[in-house]
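Q: Fold the following, please.
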Amino acid sequence: MLSFVAQRVLKGVIVLLAIVVLNFFLIRLAPGDPAVVMAGEAGASDQIFVKQLREKFGLDKPLPEQLFIYVKGVVTLDLGFSFRQQAPVAKLIGERLPATLLLTLTAFAISLMLGILFGTFAARFAGTFLDTAITIFALIFYAMPIFWVALMGILLFSVTTDWLPSFGYETVGANLTGLGHVVDVVKHLIMPAMTLGLFFMATYTRMTRASMLEVKRLDFVKTARAKGLSDAVIQRRHVLRNALLPVVTLAGVHSGTLIGGAVITETVFAWPGIGRLMYDALLQRDYNLLLGVFVICSAMVLIFNLITDLVYRLVDPRIEFAS
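A: Residues are numbered from 1 along each chain as shown. So this is what the prediction gives:
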């Protein structure tokens, strides 16, 4: 197992460096010059001032030299300096990353638990009204855009009923501590996490249902039923456990796309995460900050994929680790 993890980490580092190089060139190909944008905001868009800004930020250097400097910094865990925010990129991301991890991991847990639960019930009562109702419920949330679900949630639970706060990470100016602070954060977390989680829940529901119905037809399930095992035991120990592998695979793929969905969710709910930070950096042409967010997001995807491979062994001990 340690050999497998070491090989995957080494391959992940190589992949991450390739992603860094690719993102660097893609960002440079995007239209717009950050020096011109900043000069325009300063009200001094003459060419001399623009040239001074380009020299200050290193944008006047040849592209290969800029790439070398940036990759060298990434290797030494230096993500650069955000000249728009006047702060190190690592510091800015470090301040926002906990909020994003809290949102995405909570949404991931909600989507996985509800998806497996609803999918199990749908497969258990396949062809009945309950199966149809769960399928329709899942398809509704899968078909609706995330931003629309977010806006409807704000309208219903914040504007109309005033049950939940509509934006932010915590109540501004409340200065809560201890349990009061935790409760306040949870209240702000409910709507963003449910909005993001319900979309992916629909996929897990359909996948779990289809996988369980397929496993039910296999011979070992018929053998377990012939031995006189109860239906509950067969569903839990034999059908569900063997049906989880495709769900785990899909969850591993979705773990990376949750960050993309978090950009929209964080923007609508003003959640102070790296998704919102990435969106602001894109509008401001903040190259270093944007690249830094891409590096962190790519590293998170690689870590989640490694965790997925390890979970395979827990779900099915027959699977052997291979490089």
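
Q: Where do the strands of the protein begin and end?
A: 81-82, 87-88 (DSSP state E).

Q: By mean pLDDT, show me the worst of these.
A: For the strands of the chain, the bottom mean pLDDT is recorded on strand 81-82, which sits at a mean of 82.

Q: other SSEs contacting that strand?
A: For strand 81-82, the helices and strands in contact under the criterion 3 or more C-beta pairs under 8 Å, 6 or more residues apart in numbering; DSSP states H and E are strand 87-88, helix 89-124, helix 287-315. Where C-beta positions appear, they are placed from N, C-alpha and C, glycine not excepted.

Q: Tell me which of these sits nearest to Val13.
A: Distances from Val13 to each of the helices and strands packed on strand 81-82 were compared using C-beta to C-beta; the minimum, 8.7 Å, belongs to helix 287-315.

Q: In CSV, list the helices and strands packed on strand 81-82 along with mean neighbour count.
A: Below are those laid out as CSV (neighbours: other C-beta atoms under 10 Å):
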stretch, mean neighbour count
strand 87-88, 15
helix 89-124, 20
helix 287-315, 19
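
Q: With Leu29 as the reference, name the closest of those.
A: Each of these was scored for nearness to Leu29 using C-beta to C-beta, and the closest is helix 287-315 (11.7 Å).

Q: just the angle between that closest one and helix 89-124, please?
A: For the pair helix 287-315 and helix 89-124, the angle between their directions (axes from the mean of the first three to the mean of the last three C-alpha atoms, to 10 degrees) equals 40 degrees.

Q: Which other helices and strands does helix 287-315 contact?
A: Here helix 287-315 is seen to pack against helix 2-29, strand 81-82, helix 89-124, helix 241-269, helix 274-283 when contacts are counted using 3+ C-beta pairs under 8 Å, 6+ apart.

Q: roughly how far out does that helix sit from the chain middle?
A: The gap between where helix 287-315 is centred and where its chain is centred comes out at 9 Å by C-alpha atoms, centre = their mean, to the nearest Å.

Q: Show the average pLDDT along it.
A: What helix 287-315 shows for mean pLDDT is 82.

Q: tell me the angle that helix makes with helix 274-283.
A: Here the directions of helix 287-315 and helix 274-283 differ by 150 degrees (the same axes, to 10 degrees).

Q: returning to what we had before: need the helices and strands packed on strand 81-82 in CSV (columns: distance to His238).
A: Putting these into CSV (distance: least, C-beta to C-beta, whole Å) gives the following:
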stretch, distance to His238
strand 87-88, 53
helix 89-124, 13
helix 287-315, 13
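
Q: of these, which approaches Ala18 most closely?
A: Of all the helices and strands packed on strand 81-82, it is helix 287-315 that lies closest to Ala18, at 9.6 Å by C-beta to C-beta.

Q: Flag the shaky bits of this structure, pLDDT-wise.
A: Low-confidence regions of the chain, defined here as pLDDT under 70, cover residues 31-46, 256, 260-261, 315-323.

Q: Could you point out the longest helix of it?
A: Among the segments of the chain that qualify as a helix by DSSP state H, the longest is helix 178-216.

Q: and that one with helix 241-269, angle?
A: Helix 178-216 and helix 241-269 meet at an angle of 140 degrees, taking the same axes, to 10 degrees as the criterion.

Q: So for helix 178-216, what gets flagged as buried?
A: Buried residues in helix 178-216, counted by 16 or more other C-beta atoms under 10 Å: 184-185, 188-213, 215-216.

Q: Is Gly80 in contact with Gln66, as I believe?
A: No - at 10.7 Å, Gly80 and Gln66 do not qualify as touching, with contact defined as C-beta atoms under 8 Å.

Q: Distance to Trp163 for the helices and strands packed on helix 287-315 - can I get that in TSV?
A: Written out in TSV, the entries for these read as follows (distance: least, C-beta to C-beta, whole Å):
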stretch	distance to Trp163
helix 2-29	41
strand 81-82	38
helix 89-124	18
helix 241-269	15
helix 274-283	24
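
Q: between the ones you listed, which one is nearest to Phe157?
A: Distances from Phe157 to each of those were compared by C-beta to C-beta, and the smallest falls on helix 241-269, at 11.7 Å.

Q: ok so, going back, which one of the helices and strands packed on strand 81-82 lies closest to Ala270?
A: When these are ranked by distance to Ala270, counting by C-beta to C-beta, first place goes to helix 89-124 at 11.0 Å.

Q: Which strands and helices lie in contact with the closest one?
A: Counting contacts by 3+ C-beta pairs under 8 Å, 6+ apart, helix 89-124 is packed against strand 81-82, helix 129-143, helix 178-216, helix 241-269, helix 274-283, helix 287-315.

Q: which residues sit in contact with the closest residue to Leu189 other than its chain neighbours?
A: In space, not counting the residues next to it along the chain, Leu189 is nearest to Thr106; the distance is 6.2 Å by C-beta to C-beta, 6 or more residues apart in numbering. For Thr106, the contact set (C-beta atoms under 8 Å, 6 or more residues apart in numbering) comprises Leu189, Ala193, Gly197.

Q: same check, this time on Arg124
A: Under the criterion of C-beta under 8 Å, 6+ apart, the contact partners of Arg124 comprise Met212, Gln235.

Q: try 7 Å this time
A: For Arg124, the set of contacting residues under the criterion of C-beta atoms under 7 Å, 6 or more residues apart in numbering consists of Gln235.
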